[in-house]
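In: After the sequence you'll find the predicted model.
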Amino acid sequence: MTKKNRDYNRNPYGSNQWEIRSDKEIQKIIDSYPRNWTKKDFRGEGKNNRSKILTRKETERLGLVFGHTGKSKQPLKDIYKHSTKESILQFEKKIIDENTFRNRARTKKQRDLMSVNAKRA
């Protein structure tokens, strides 16, 4: 092919091009690794893995199911340990929802861990 050709494609036959993996192939790779791996672990940016297995564009595809996304919720029995009696009663009477109940327990836990001087400040 000559430069004067109107195609303007420098690689008309597509030699040496990257073949993209299908969603099924990528899902098979994801399923072969532990369920606690996140998208970052497959990209080599996470805590569980430092080697790159998938690209960023591959992990951002819609329809892929990863075993773990974000922080896992703490069980409710642990939330009850850090809650006040009033919050427990309100939650059981359905006055407050679960998210509010969890937030109250989290903030109370943080206050309990503070020193007396930090509480005064």
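Out: Looks like it arrived, so ask away.

In: what's in contact with the helix ranked longest in the chain?
Out: For the chain, the helix with the greatest residue count under DSSP state H is helix 98-113. Helix 98-113 is contacted by residues 73-74, 76, 79-80, 82-84, 87, 90-91, 96, 119 when judged by Cβ atoms under 8 Å, 6 or more residues apart in numbering. For every residue, glycine as well, the C-beta is placed using N, CA and C.

In: before we move on, what about stretch 34-54?
Out: Here stretch 34-54 has contacts from 26, 29-30, 33, 55-56, 59-60, 66-70, using Cβ under 8 Å, 6+ apart.

In: how far out from the middle of the chain is the helix or strand of the chain with the lowest mean pLDDT?
Out: One helix or strand of the chain scores below all others by mean pLDDT, DSSP states H and E: helix 116-120, with a mean of 84. Taking Cα atoms, centre = their mean, to the nearest Å, one finds the center of helix 116-120 at 35 Å from the center of the full chain.

In: same deal with stretch 65-72?
Out: 5 Å.

In: What's the mean pLDDT across that stretch?
Out: The average of the pLDDT scores along stretch 65-72 is 75.

In: Alpha carbons of that stretch, as CSV, please.
Out: Presented in CSV, the C-alpha positions along stretch 65-72 are these (Å, rounded to 0.1, in the frame of the first residue of the first chain):
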residue,chain,number,x,y,z
VAL,A,65,-19.6,-10.4,39.0
PHE,A,66,-16.7,-10.0,41.5
GLY,A,67,-16.8,-11.9,44.7
HIS,A,68,-16.2,-8.9,47.0
THR,A,69,-16.9,-5.2,46.6
GLY,A,70,-16.1,-2.7,49.3
LYS,A,71,-16.3,-3.2,53.0
SER,A,72,-18.4,-6.0,54.3
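
In: So which bits of that stretch are buried?
Out: Going by neighbour count (16 or more other Cβ atoms under 10 Å), the buried part of stretch 65-72 is F66.
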